[in-house]
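Colleague: Show me the folded form of this:
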Amino acid sequence: MTLSCAVLDDYQDAALAVADWGPVLDDVEVRTVRDHIADRDMLAAELADCEIVVIMRERTPFDADLLRRLPRLRLLVTTGMRNASIDLAAAAAQGVTVCGTASSPTPPVELTWALLLGLARHVTVENRALREGGPWQSTVGQDLHGRTLGLLGLGKIGTRVARVATAFGMDVLAWSENLTPERAADAGARLAAGKEDLLRRSDFVSLHLVLSDRTRGLLGEPELRAMRSHAYLVNTSRAALVDRSALLRALHEGWIAGAGLDVFETEPLPSDDPLRSLPNVLATPHLGYVSEQNYRTFYSEAVEGIAAFVAGAPVRQLTAG
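Modeller: Just a heads-up that it's a prediction; the model follows:
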């Protein structure tokens, strides 16, 4: 019997092009869905015939209700080995195997610096003026050399961001609840006395934390008001780390100079969302992990996972707890 597989949220129509799906095509019929399906009824109808679904990161949540509406589903493959939008306990109870893939920390590091540099040198403002016949030079950029970069989180991504900062001649402060002075020093950073100390002393602040009950809303109004008025906030991790209403006020009222954002509470971002039009926001549509090599890894290992499942030996399984 041929199994049916849908690859969801293939925004760039890249899934079938970047990997060799040949090893599974004798047993699996694969189709891609390019546009995001937000409506849960439409999504359930689209996937009703599928034994296998491949999802891209957390673009489409798989909660218990959706899983119950997909009785044929047997294998769910997510890119990356962590996906908070999947109810793993519900999947296990329904007999759905959940597998993941490897993911490189390098692409989000590079995008973090693209946003930070774009903000510091007003790249989009000057590019727009050049294209549209506006003034020849209208801004004065911030220097990176000699400035302070504050990193909230110093894991795989934060550590790499810190090492780039030292190449620019920046002073790097870092903080998270369990960070030690020794670990900070290994990355070329100094441990801040606390979150507030880091925010008060930094010219640029970048978030590199996993979203959890402890980190949700980590930056609210008091924290954003503690930042310097000329400072920029960069978030390529998770939108919910920052209180949205407080961030909008901070940007509107000039508590901070601006923000570079790659993550949003609702994705795709609604067309009328103020973050699309605020002049002091440099925003990208969740591109942190979107790179050619990462996509090759994602979908090649998705094929491996499907092939292993068909052979009766799933690999890289995700389990609850």
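Colleague: Which helix runs longest in the protein?
Modeller: Counting residues, the longest helix found in the chain (DSSP state H) is helix 292-310.
Colleague: Buried ones in that one, by neighbour count?
Modeller: 294-295, 297-310 (16 or more other CB atoms under 10 Å). Yep, even glycine has a C-beta here, placed from its N, CA and C like the rest.
Colleague: Need the contact partners of that helix.
Modeller: If you take CB atoms under 8 Å, 6 or more residues apart in numbering as the criterion, helix 292-310 is touched by 3, 5, 7, 14-15, 18-21, 23-24, 27-28, 52, 54, 56, 74-75, 77, 79-80, 97, 99-104, 107, 314-316.
Colleague: What subset of these is buried?
Modeller: For those, a burial check counting by 16+ other CB under 10 Å picks out 3, 5, 7, 14-15, 18-19, 21, 24, 28, 52, 54, 56, 74-75, 77, 79-80, 97, 99-101, 103, 107, 314, 316.
Colleague: Mind pulling up the pLDDT for residue 317?
Modeller: Listed pLDDT for residue 317 reads 89.
Colleague: quick one, phi psi at it?
Modeller: When quoted as degrees, to the nearest 10, the phi and psi of residue 317 stand at phi -80, psi 140.
Colleague: Residue 265 touches residue 244, doesn't it?
Modeller: Yes - the criterion here is CB atoms under 8 Å, and residue 265 meets it with residue 244 at 6.0 Å.
Colleague: Looking at those two, which is more packed in?
Modeller: Ranked by neighbour count (other CB atoms under 10 Å), residue 265 and residue 244 place residue 244 first, with 15 against 12.
Colleague: how about that one, what does it touch?
Modeller: By CB under 8 Å, 6+ apart, residue 244 lies in contact with residue 265.
Colleague: With residue 269 as the reference, measure out to it.
Modeller: Distance of residue 244 to residue 269, given as CB to CB, to the nearest Å: 12 Å.
Colleague: for residue 10, same thing?
Modeller: Between residue 10 and residue 269 the computed distance is 19 Å (CB to CB).
Colleague: More neighbours: those two, which one.
Modeller: Using other CB under 10 Å as the criterion, residue 10 and residue 269 rank with residue 10 on top: 22 against 17.
Colleague: is it true that that one touches residue 56?
Modeller: Yes - counting by CB under 8 Å, residue 10 touches residue 56, with 7.3 Å between them.
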